[in-house]
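In: Okay, predicted coordinates and the sequence, questions at the end:
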Amino acid sequence: MGSQGYKLVVVANRLPVDQTVEEDGTTSWRRSPGGLVSALEPVMRAADGAWVGWSGAPDVEAEPFDAQGMRLVPVRLSGEEIADYYEGFSNDTLWPLSHDVISPPEFHRHWWDAYRRVNKRFAEAAAGQAAQGAVVWVHDYQMQLVPALLREMRPDLRIGYFHHIPFPPLEIFAQLPWRRQVVEGLLGADLVGFQRGGDASNFIRVVRRLTDLTTRGQVVTVPRNAPPTAPGEEPPPHGHGERHVRAAAFPISIDSARFDAMARTDEVRARAREIRHDLGDPSILLLGVDRLDYTKGIRHRIKAYGELLDDGRLKIPDAALVQVASPSRENVEAYQQLRDDVEALVGRINGEHGQIGAAAIYYMHHSYPPEEMAALYLAADVMLVTSLRDGMNLVAKEFVAACTDERGVLVLSEFTGAADELSGALLVNPHDIDGMKDTIARAAQMEPREMRTRMRRLRRRVLDDDVTKWSQTFLATLTAVPARKVDPTP
Ligand code: F6P
């Protein structure tokens, strides 16, 4: 950095590294494999960037340090704050509220207090790192109060916010006792980005209904309450008196070239063949890959598959389903309940249809490195993405990017952000079990010619619109916010 701070600051709940405890008891930081990291790494390197986030563990008090060409700024959370702010308000209030209340959201005042307190800590950390006039990019639902808090502390900044999950319709959002504070938090940004046009429209409708502000299309006019600039100081952008907040869709993507390249390596191709072989070389290999989350429709998909076996439309050992369900938010009760339900269902179907040496479902409650995922995608014939609600769903895009042999069918829920973009997939309504069964059967029987045509279309889209393009488009839109001269007269 220059001595004056960083020109680009990212604020996200998690740092792009996890703190791990080694065997000898010492701690070290390891790069976490998330898509956001690979997307922002080149931008951060080039722009002299800092990343403010949580280490993933309780009570980690660490000084900012340099890694991967950027400044990492850990924010400390106590065990109680993890319970109230992260597991509570973020993942048991906002998460279900934003996903069609599939699980009932819980509203607790002490969770809200922790959310406010933690958001303030993140805003202070960002304010302490940002250079004069810097760009700060705030990410996701855990940080919705940060834009306004930050603007209050640092009116000189350009602030962008991106919402990675769905923004709920007014009728659902209105349940939140602190709905107005959340909207005001977001309106601290200059640009508020969403996955789909529908999310941006939901947000604008919420602004219209819950505030007195004027909106024009996707632009909200907000009174400026920034302190007056001192004589000789550079005035903040925009006219004094008011500023504009723009809402728009910026559908996120993946590092497509990386998945494509991985799937072309000899190691990954050999591993894909080995996976099929170890599963008894089924003629139809179906695959599901998800965080173990109730939004992903894992039960619905397994139920449909089980019924296809009951009906004799799929048979063991001709068919096999591999379901990777990576552990997630394991202290939240709804996730514990889901795990019990999914595992009972898998056990029942395996008991009814499995054979010695040939299970009906290979269920894995683990996370795997990207090379193993690429091999699984390459090995699969049919990828099942059946979310009940999903901001985007990057697994669908990873599968497409890894299908370098153009063999494979994507069955995709219409309730994902990805469904807006990925024509070439077979769309399903996961609540319609009969419809989903027909679509899975169709995918399993698809002629290679149709499969290739569809996969080519999908690959063109995913390889063109990658995550670098996404971050560049967002940042270019944010920095294009007109810097209007401030009228010096009162
Ligand atoms: O989809 C929203 C998201 O926050 C992703 O950014 C993240 O990868 C995932 O949910 C899991 O989040 P966490 O483990 O931090 O709760």
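Out: Arrived safely, thanks for sending. Residues are numbered from 1 along each chain as shown.

In: only C-alpha atoms for contact and neighbour calcs from this point on.
Out: OK.

In: Near the ligand, which residues of the chain are found?
Out: Contact residues (C-alpha under 6 Å from any ligand atom) of the chain with the ligand: His164, Ile165, Ser328.

In: just curious, which of those is nearest to Leu8?
Out: The shortest approach to Leu8 among the residues of the chain next to the ligand belongs to His164, at 19.5 Å (C-alpha to C-alpha).

In: helix/strand/coil for Arg71?
Out: Counting by DSSP: H, G, I helix; E, B strand; the rest coil, the backbone at Arg71 sits in strand.

In: That one and the ligand: what is the separation?
Out: Per C-alpha to the nearest ligand atom, to the nearest Å, Arg71 is found 20 Å from the ligand.

In: Tell me how this structure divides into domains.
Out: Following automatic domain parsing, the chain resolves into domains at 6-252+470-479, 256-465.

In: which intervals of this protein have sub-threshold pLDDT?
Out: Residue ranges of the chain with pLDDT under 70: 1-3, 33-35, 225-240, 482-490.

In: Tell me which residues touch the most centrally placed residue in it, please.
Out: Nearest to the geometric centre of the chain sits His164, at 4.8 Å (C-alpha atoms, centre = their mean). Going by C-alpha atoms under 8 Å, 6 or more residues apart in numbering, His164 touches His139, Asp140, Tyr141, Phe194, Gln195, Gly391, Met392.

In: Cross the residues you listed against strands and list the overlap.
Out: Counting by DSSP state E, the contacts of His164 place His139, Phe194 in strands.

In: which of the contacts of His164 count as buried?
Out: Among the contacts of His164, those that count as buried by neighbour count (16 or more other C-alpha atoms under 10 Å) are His139, Asp140, Tyr141, Phe194, Gln195, Gly391, Met392.

In: burial count for the closest residue to the third one other than its chain neighbours?
Out: Right, the one you point to is Tyr141. Leaving aside its sequence neighbours, Tyr141 sits nearest to His163 (C-alpha to C-alpha, 6 or more residues apart in numbering; 6.2 Å). Neighbourhood size, His163 [other C-alpha atoms under 10 Å]: 23.

In: Same check on Ala114?
Out: Neighbours around Ala114, by other C-alpha under 10 Å: 20.

In: Check the secondary structure at it for me.
Out: Secondary structure of Ala114, per three-state DSSP, is helix.

In: Contact partners for the residue nearest to it when sequence neighbours are not counted?
Out: Once flanking residues are discounted, Ala114 sits nearest to Tyr85: 5.2 Å by C-alpha to C-alpha, 6+ apart. Residues in contact with Tyr85 (C-alpha under 8 Å, 6+ apart) are Trp111, Trp112, Ala114, Tyr115, Val118.

In: before we move on, the earlier item: let me know the closest of the buried ones among the contacts of His164 to Val101.
Out: Looking across the buried ones among the contacts of His164 and measuring by C-alpha to C-alpha, the closest to Val101 is Gly391, at 14.1 Å.

In: List the residues that contact Ile371.
Out: Residue 371: Glu, not Ile. So Glu371 contacts Met262, Ala263, Val268 (C-alpha under 8 Å, 6+ apart).

In: in terms of contact, does the second one touch Asp405 like I think?
Out: In other words, Ala263. No. Between Ala263 and Asp405 no contact is recorded; they are 9.1 Å apart, counting by C-alpha atoms under 8 Å.

In: who's more crowded, these two?
Out: Ala263 (27 against 12).

In: That one and Phe399: what is the separation?
Out: 10 Å (C-alpha to C-alpha, to the nearest Å).

In: which neighbours do the two share?
Out: Ala374, Leu378.

In: hey, where'd the strands end up in the stretch 301-450 of the chain?
Out: With strands called from DSSP state E, counting those that start in this stretch, the stretch 301-450 of the chain shows them at 319-326, 361-364, 382-385, 409-413, 426-428.

In: Any chance of TSV for those, columns mean neighbour count and distance to Asp59?
Out: Below are those laid out as TSV (neighbours: other C-alpha atoms under 10 Å; distance: least, C-alpha to C-alpha, whole Å):
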stretch	mean neighbour count	distance to Asp59
strand 319-326	21	25
strand 361-364	17	31
strand 382-385	26	37
strand 409-413	26	39
strand 426-428	22	44
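
In: which residues touch the residue nearest to Arg271 when sequence neighbours are not counted?
Out: Leaving aside its sequence neighbours, Arg271 sits nearest to Ala375 (C-alpha to C-alpha, 6+ apart; 5.9 Å). Listed by C-alpha under 8 Å, 6+ apart, the contact partners of Ala375 are Ala263, Val268, Arg269, Arg271, Ala272, Ile275.

In: Redo those as a markdown table? Include secondary structure and distance to Glu242.
Out: Conversion of those to a markdown table gives the following (DSSP: H, G, I helix; E, B strand; the rest coil; distance: C-alpha to C-alpha, whole Å):
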| residue | secondary structure | distance to Glu242 |
| --- | --- | --- |
| Ala263 | helix | 51 |
| Val268 | helix | 55 |
| Arg269 | helix | 57 |
| Arg271 | helix | 58 |
| Ala272 | helix | 57 |
| Ile275 | helix | 60 |
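
In: Next, Gly25: phi, psi?
Out: Backbone dihedrals for Gly25, given as degrees, to the nearest 10, come out at phi 90, psi -10.

In: Next, find the distance separating it from Gly56.
Out: 17 Å.

In: Compare these two and say which one has the larger neighbour count.
Out: Neighbour totals were compared for Gly25 and Gly56, and Gly56 leads with 19 against 8 (other C-alpha under 10 Å).

In: Just read off the phi/psi values of the more buried one.
Out: The phi/psi pair for Gly56 (degrees, to the nearest 10) is phi 100, psi -10.

In: Could you count how many residues lie near Arg442?
Out: 14.

In: how close does it get to the ligand?
Out: 30 Å.

In: Next up, the contacts around that residue.
Out: Taking C-alpha under 8 Å, 6+ apart, one finds nothing in contact with Arg442.

In: Distance check, it against Leu388.
Out: 21 Å.

In: Please apply the same query to Leu176.
Out: 21 Å.

In: When the two are compared, which one has more neighbours?
Out: Leu388 (21 against 16).

In: Surely that one is in contact with Val428?
Out: No. Look at Leu388 against Val428 with C-alpha under 8 Å: they stay out of range, at 10.3 Å.

In: Which neighbours do the two have in common?
Out: Ser413.

In: Can you tell me the element the nearest residue to Leu210 once chain neighbours are set aside falls in?
Out: Among residues not flanking Leu210 along the chain, Arg180 sits closest, at 6.4 Å (C-alpha to C-alpha, 6+ apart). Arg180 is part of helix 179-186 when elements are defined by DSSP states H and E.

In: Now do the buried residues in that helix.
Out: For helix 179-186, by 16+ other C-alpha under 10 Å, it's Arg180, Gln181, Val182, Val183, Glu184, Gly185, Leu186.

In: what secondary structure does the closest residue to the fourth one other than its chain neighbours sit in?
Out: Spatial nearest neighbour of Val183, chain neighbours left out: Val207 (6.8 Å); criterion: C-alpha to C-alpha, 6+ apart. Of the three states, Val207 takes helix under three-state DSSP.

In: can you check Ala247 too?
Out: strand.

In: now do the one 5 residues further on
Out: Ile252 carries the three-state label coil when classified by three-state DSSP.

In: Double-check it against Trp470; I have them as touching.
Out: Yes. Using C-alpha under 8 Å, Ile252 makes contact with Trp470 at a distance of 5.8 Å.
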